[in-house]
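Peer 1: prediction below, plus the sequence it came from.
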Amino acid sequence: MYAKEPHWNGISTLADAIRELGPVAYQTFPAHHFFARVYRPSAVWASLLNRQPTFLCNPEWTVVPWEHYPRTSLDDLLDVVVLLPSIYWRTDHIALLEANADRQMRARELLDNCINIEAQFDIWLSVVQQRTRLPYWAGDSEGAYIPFNEPLSFASPLLCMVHVYYWVVLIGFHQCVYALLELIREPGEKRPSPRTAAGLGLDPRKYQPTETRKLAALVCRSLDFALRTTAQPDLLVAPTWIVKDFYSRMNAIGLCELESLWVNDFVERREYYHTTRKKGEGGGGVVIGKKQHFYNVQHSIAYLVHVDNQLAKLGAPQLWLFESFVSSSSLVSFAHLPLQPRNRRHQPRAHFATSTLDFITQQKHPETPNSLPKWRQDMTELFQCLGTCAVGVKGKDIVVLGCEKRSAMKLQDTRITPSKIGLVDTHVCLAFAGLNADARILVDKARLEAQSHRLTVEDPVTIDYITKYVAGVQQRYTQSGGVRPFGISTMVVGFDKGSTVPRLYQTEPSGIYSAWKANAIGRSSKTVREFLERNYKDGMDREATIRLAIKSLLEVVQTGAKNIEIAIMAPGKTIEMLPVEDIETYVKTIEQEKQEEAAKKKTGRTPGTGSAAILTREREGGSD
């Protein structure tokens, strides 16, 4: 079909062709996807490493292609990074000039531009921090290597990648600013004058090699997390190369020897990691290298065109643009590429649902694998069938959580048995049904978010806010590569600050959350929910609310009070766990009421009434 179209040979020819098409040509899918996710990041990195300006720094190329698509934090970062190659190019040319007043004046003008660019970096970072208050954190790891034995973990793989790019770019940018400060120093000065730098609004200590070394350390502490979570490990080639080059230069003057060894070891581990995955998973993973990177791009484009059936909609220029970027081969090569996902991280959600079902089947019902619902059914139903029952009931000024406890084994120490009710903050608690290990992780995340909110906003979280956060975490684990969904449903209860209105929410493994007056999750939840629908009344007092929660649990709990756990939340108070003795009292009263109701239905009369009972009382009175 396109056999008569000329080939575009070379990256420069490709850039000319893209520039000739103009930014409007990349406003629609799949051309926009190619430009924003494939060509632009690679072109900006190439321009940055070659210290040569690119046409992508023109304003129309940073605005027009995104008129119909949302921007990511990486897109915003590249808008600033694309300005740096021209700064580097001008710095290199100024450094070649003779040391005189003219060179100092040019260096000062360029430093003014650097100040403006740094302000844009600060704005970008503040926006990212506003979107995610805790984008990364440090922690000890047994698998970490000295001198970076406190690796960083991130809230998401995208946040990890953008921070790695940000820190790597700052390494080169700070070196550039430091070089310009050297150019404006007065004759005879050993280092740039702080007074001169202060006049420009700069702190010269910020750009010293010792400070730049801290940025390189942040990159290295992030690389392991990026390697484990990214679906495109080839994106780590440029950051690794820049850090390695920086430490090599520092090592040449007797510094950063351990850091240089660490980076070399990381490169070996990265290559070994992907080579092992490739052998073990039939071609999964990425082998680092230019040729393999081009193959990844070619494969992604071919898969994109195949899946979305957009080949007929592509114009000849865009199609040849794709081909010329990835290789100089003919379009026939696209037909021979494997169209299945090459990496387990890319496999669809059904794979993770199946894996989760297999895991739970082996753990809970190894002898009856067919007793569970099939994975094609709702994941919520799957986990509700396995977890013990939990009930939540709202009263007038109280909210009660009740949970079914599993019977303890004879030799089990019940004092340290994990509870199915967890306190997230002083005014909010959470009950769950499903896998205890998953619940422990989710509760820890919720507690961390609640404390972070207190430190940042100086107010406790609202029940609605923490519910949305928990549901958001559950939803992310349904679509992230390399992980499975959380195997729990939760109920979040509590009172907002200064409010006496009880709150009760439910979250599901899919990330859906909803508000309730009374609800049940876990085993036989449908039966318990139907019971609550028949017996729930608005505005119940404390006693009626507790009785209804216990009575609903007794619909599925056959062993009485010893297997029931009750938590009570009231306005302005922390969680109150109902003693076992009080639960036994409620259970006895409820059982007695059930017996009386059963006797009444059987005889048609209330026990203790009728003619026989009257005669008995008369005889007893006569004997007195």
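Peer 2: Okay, I see it.

Peer 1: now I117: how far from S73?
Peer 2: 17 Å (Cβ to Cβ, to the nearest Å). C-beta: built from backbone N, CA, C; applies to glycine.

Peer 1: the two: which is more packed in?
Peer 2: S73 (21 against 18; other Cβ atoms under 10 Å).

Peer 1: if I look at the more buried one, how far off is A217?
Peer 2: Counting by Cβ to Cβ, the gap from S73 to A217 is 22 Å.

Peer 1: cool, Q52 as well?
Peer 2: In terms of Cβ to Cβ, Q52 sits 29 Å off from A217.

Peer 1: these two: which has the busier surroundings?
Peer 2: A217 (19 against 12).

Peer 1: give me the three-state assignment for L158.
Peer 2: Of the three states, L158 takes helix under DSSP: H, G, I helix; E, B strand; the rest coil.

Peer 1: where does the stretch 301-450 of the chain dip in pLDDT?
Peer 2: For the stretch 301-450 of the chain, residues meeting the criterion pLDDT under 70 lie at 301-386.

Peer 1: now with 90?
Peer 2: 301-388, 404-420, 434-437, 448 (pLDDT under 90).

Peer 1: cool, and the stretch 501-624 of the chain?
Peer 2: For the stretch 501-624 of the chain, the ranges with pLDDT under 90 are 510, 522-525, 555-563, 572-574, 580, 591-624.

Peer 1: cool, the stretch 1-150 of the chain as well?
Peer 2: 1-75, 86-119, 121-150.

Peer 1: would you state the strands of it in chain order?
Peer 2: Taking DSSP state E, counting those that start in this stretch, the strands of the stretch 1-150 of the chain run over residues 136-138.

Peer 1: what's the single longest helix in this protein?
Peer 2: Longest helix of the chain, by residue count under DSSP state H: helix 101-131.

Peer 1: so which elements touch it?
Peer 2: Where contact means 3 or more Cβ pairs under 8 Å, 6 or more residues apart in numbering; DSSP states H and E, helix 101-131 is packed against helix 73-81, helix 84-95, helix 157-183.

Peer 1: reformat those as TSV; add distance to C57.
Peer 2: Converted to TSV, the helices and strands packed on helix 101-131 look like this (distance: least, Cβ to Cβ, whole Å):
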stretch	distance to C57
helix 73-81	9
helix 84-95	7
helix 157-183	14
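
Peer 1: out of those helices, nearest to F148?
Peer 2: helix 157-183 (13.3 Å; Cβ to Cβ).

Peer 1: ok and the closest one relative to helix 84-95, angle-wise?
Peer 2: Inter-element angle recorded for helix 157-183 and helix 84-95: 20 degrees (by axes from the mean of the first three to the mean of the last three Cα atoms, to 10 degrees).

Peer 1: quick one, helix 157-183 and helix 101-131 angle?
Peer 2: Using the same axes, to 10 degrees, helix 157-183 lies at 160 degrees relative to helix 101-131.

Peer 1: now helix 157-183: average pLDDT?
Peer 2: Averaged across helix 157-183, pLDDT comes to 88.

Peer 1: which helices and strands sit right next to it?
Peer 2: helix 73-81, helix 84-95, helix 101-131, strand 136-138, strand 152-154, helix 209-229, helix 237-252.

Peer 1: for that helix, the distance to its chain's centre please.
Peer 2: 25 Å (Cα atoms, centre = their mean, to the nearest Å).

Peer 1: got the buried residues for that helix?
Peer 2: Across helix 157-183, burial judged by 16 or more other Cβ atoms under 10 Å covers 157, 159-181, 183.

Peer 1: that one vs helix 73-81, what angle?
Peer 2: 10 degrees.

Peer 1: next, the angle from helix 157-183 to helix 209-229.
Peer 2: Using the same axes, to 10 degrees: helix 157-183 against helix 209-229 is 160 degrees.

Peer 1: okay, domains of the chain per the record?
Peer 2: Per automatic domain parsing, the domain ranges recorded for the chain read 11-336, 378-578.

Peer 1: quick one: I94 from M105, how far?
Peer 2: Taking Cβ to Cβ, one finds I94 at 10 Å from M105.

Peer 1: more neighbours: which of the two?
Peer 2: Taking neighbours as other Cβ under 10 Å, I94 and M105 compare with I94 leading, 19 against 12.

Peer 1: ok, for that one, nearest residue in space, not its chain neighbours?
Peer 2: Spatial nearest neighbour of I94, chain neighbours left out: R106 (5.1 Å); criterion: Cβ to Cβ, 6 or more residues apart in numbering.

Peer 1: can you get me a residue count around that neighbour?
Peer 2: 18.

Peer 1: same thing with W241?
Peer 2: 15.

Peer 1: ditto for the one 4 residues further on
Peer 2: Number of residues near D245 (other Cβ under 10 Å) recorded here: 14.

Peer 1: now the one 5 residues further on
Peer 2: Burial measure for M250: 19 neighbouring residues, criterion other Cβ under 10 Å.

Peer 1: same question for W89.
Peer 2: W89 - counted by other Cβ under 10 Å - has 15 other residues nearby.

Peer 1: equivalent analysis for the one 10 residues further on, please.
Peer 2: Per other Cβ under 10 Å, the neighbour tally for A99 reads 11.

Peer 1: F495 now?
Peer 2: For F495, using other Cβ under 10 Å, the count is 22.

Peer 1: and V243, by the same measure?
Peer 2: 26.

Peer 1: for it, list the residues it contacts.
Peer 2: V243 makes contact with V168, I171, A216, V219, C220, V263, according to Cβ atoms under 8 Å, 6 or more residues apart in numbering.

Peer 1: measure it to V168 for me?
Peer 2: V243 is 7 Å from V168, by Cβ to Cβ.

Peer 1: now the residue nearest the centre of the chain. Nearest residue, chain neighbours left out?
Peer 2: Using Cα atoms, centre = their mean, the residue of the chain that lies closest to the mean C-alpha position is S156, 3.8 Å off. Among residues not flanking S156 along the chain, R476 sits closest, at 7.1 Å (Cβ to Cβ, 6+ apart).

Peer 1: so what does the one you found have for phi and psi?
Peer 2: Backbone torsions for R476, taken as degrees, to the nearest 10, come to phi -60, psi -30.

Peer 1: my read: it touches L158, true?
Peer 2: No - counting by Cβ atoms under 8 Å, R476 sits too far from L158 to count as a contact (10.8 Å).

Peer 1: identify the contacts common to these two.
Peer 2: With Cβ under 8 Å, 6+ apart as the test, R476 and L158 reach no residue in common.

Peer 1: give the buried residues for the host helix or strand of E581.
Peer 2: Assigning secondary structure by DSSP states H and E places E581 in helix 580-603. For helix 580-603, the neighbour count (16+ other Cβ under 10 Å) marks I583, Y586, V587 as buried.

Peer 1: again, but for stretch 462-480
Peer 2: Those would be 462-463, 465-471, 473-475, 477-478, 480, for stretch 462-480 by 16+ other Cβ under 10 Å.

Peer 1: and A431, helix, strand or coil?
Peer 2: strand.

Peer 1: for stretch 42-49, C-alpha coordinates in CSV please.
Peer 2: Extracted as CSV, the C-alpha positions of stretch 42-49 are listed here (Å, rounded to 0.1, in the frame of the first residue of the first chain):
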residue,chain,number,x,y,z
SER,A,42,13.7,10.1,23.4
ALA,A,43,14.3,13.3,21.4
VAL,A,44,14.6,15.5,24.5
TRP,A,45,17.1,13.1,26.1
ALA,A,46,19.2,12.9,22.9
SER,A,47,19.2,16.7,22.7
LEU,A,48,20.1,17.0,26.3
LEU,A,49,23.0,14.5,26.1
